[in-house]
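1. model this:
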Amino acid sequence: MNIIILLLAYLLGSIPSGVWIGKLFYQKDICNYGSGNTGTTNTFRVLGKKAGIVVLLADVLKGTLATSLPLLFHSDMPILWGGIAAIIGHTFPIFAKFKGGKAVATSAGMLLAYSPLFFVYAASIFVICLLITSMVSLSSMIAAVVVTISTIILPYIWPTILPEFNWVLTLVAAAVSCFIFYRHKDNIVRIKNGTENKVPFGLNKKK
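-> I've put the predicted structure just below:
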């Protein structure tokens with residue numbers, strides 16, 4: 001049963017929302033534009049705000065649903081493993097020639113299923129970073145690191161948000177953080193060179 005759950009979670013994560021919406025409603029394959037990624041950021045860049053919001057919600061929700069599968073199937077498997085399978089699916093989707101996104105939104109969906117309050121906390125960190133840096137890539141990496149550290153310290157300083165320490169959560173958060181940094185390796189080069197794409201708002205917005 002656990003293998004079936006992980007397979008279903010991977011398939012959910014593999015749904016290339018940006019690609020399907022682009023082809024169906026805009027007659028565009030976003031893999032051929034912008035960064036070539038199938039995720040939320042490139043969808044915003046290529047297809048616009050409406051499509052970007054839809055893809056963002058879809059990518060978050062597929063992470064949430066995949067993470068919840070062990071509960072839905074009454075399995076004793078830790079729910080976070082379903083989230084990991086979805087993240088792998090989102091990054092290497094079987095439905096899009098294994099060329100996917102950078103797993104930020106799907107990772108957020110995993111947190112939403114695990115702890116809604118912790119999800120709000122993590123999302124707030126990302127938004128604050130985005131308002132300061134005006135860069136989605138840098139905000140994603142900073143938030144990933146802060147969230148990983150928070151899984152260790154929050155149970156002791158702010159238990160309302162995260163009541164107890166869970167080593168599985170910390171391990172998963174650390175692994176996802178490394179994964180996010182790896183997927184943003186090209187962005188890191190552009191950040192160093194001062195050529196990274198910026199959103200049109202925030203303290204460091206594009207001019």
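2. elements contacting the longest helix belonging to the chain?
-> Counting by DSSP state H, the longest helix found in the chain is helix 49-72. For helix 49-72, the elements it packs on are helix 2-14, helix 17-25, helix 40-47, helix 79-91, helix 104-114, judged by 3 or more CB pairs under 8 Å, 6 or more residues apart in numbering; DSSP states H and E. Just so you know, the C-beta spots here come from the backbone N, C-alpha and C atoms, and that holds for glycine as well.
3. may I see the buried residues of the first one?
-> Using 16 or more other CB atoms under 10 Å as the test for burial, helix 2-14 gives 5-6, 8-14.
4. which one of those residues sits closest to residue 193?
-> residue 13 (31.7 Å; CB to CB).
5. list the contacts for the closest one?
-> Listed by CB atoms under 8 Å, 6 or more residues apart in numbering, the contact partners of residue 13 are 62-63, 66, 85-91, 93, 106.
6. now distance to residue 30 too, for those residues, in TSV please.
-> As requested, the contacts of residue 13 are exported to TSV (distance: CB to CB, whole Å):
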residue	distance to residue 30
62	17
63	19
66	22
85	24
86	20
87	20
88	20
89	18
90	14
91	15
93	13
106	16
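7. nearest to residue 35 among these?
-> residue 91 (13.7 Å).
8. which residue comes closest to that closest one once chain neighbours are left out?
-> Using CB to CB, 6 or more residues apart in numbering and skipping the chain neighbours, the partner closest in space to residue 91 is residue 100 (4.7 Å).
9. test my guess that residue 170 contacts residue 149.
-> No. If you go by CB atoms under 8 Å, residue 170 and residue 149 don't touch, sitting 9.1 Å apart.
10. pLDDT score assigned to the residue nearest the centre of the chain?
-> Using CA atoms, centre = their mean, the residue of the chain that lies closest to the mean C-alpha position is residue 104, 1.9 Å off. Note on residue 104: pLDDT of 91.
11. now for it: which residues touch it?
-> Counting by CB under 8 Å, 6+ apart, residue 104 makes contact with 39-40, 136, 140, 144, 180.
12. quick one, phi/psi of residue 94?
-> Per-residue torsions, residue 94: phi -70, psi -20 (degrees, to the nearest 10).
13. from residue 176, how far off is the nearest residue to it once chain neighbours are set aside?
-> Counting by CB to CB, 6+ apart, residue 94 lies nearest to residue 14, which is 4.9 Å off, once chain neighbours are set aside. Taking CB to CB, to the nearest Å as the measure, residue 14 falls 17 Å from residue 176.
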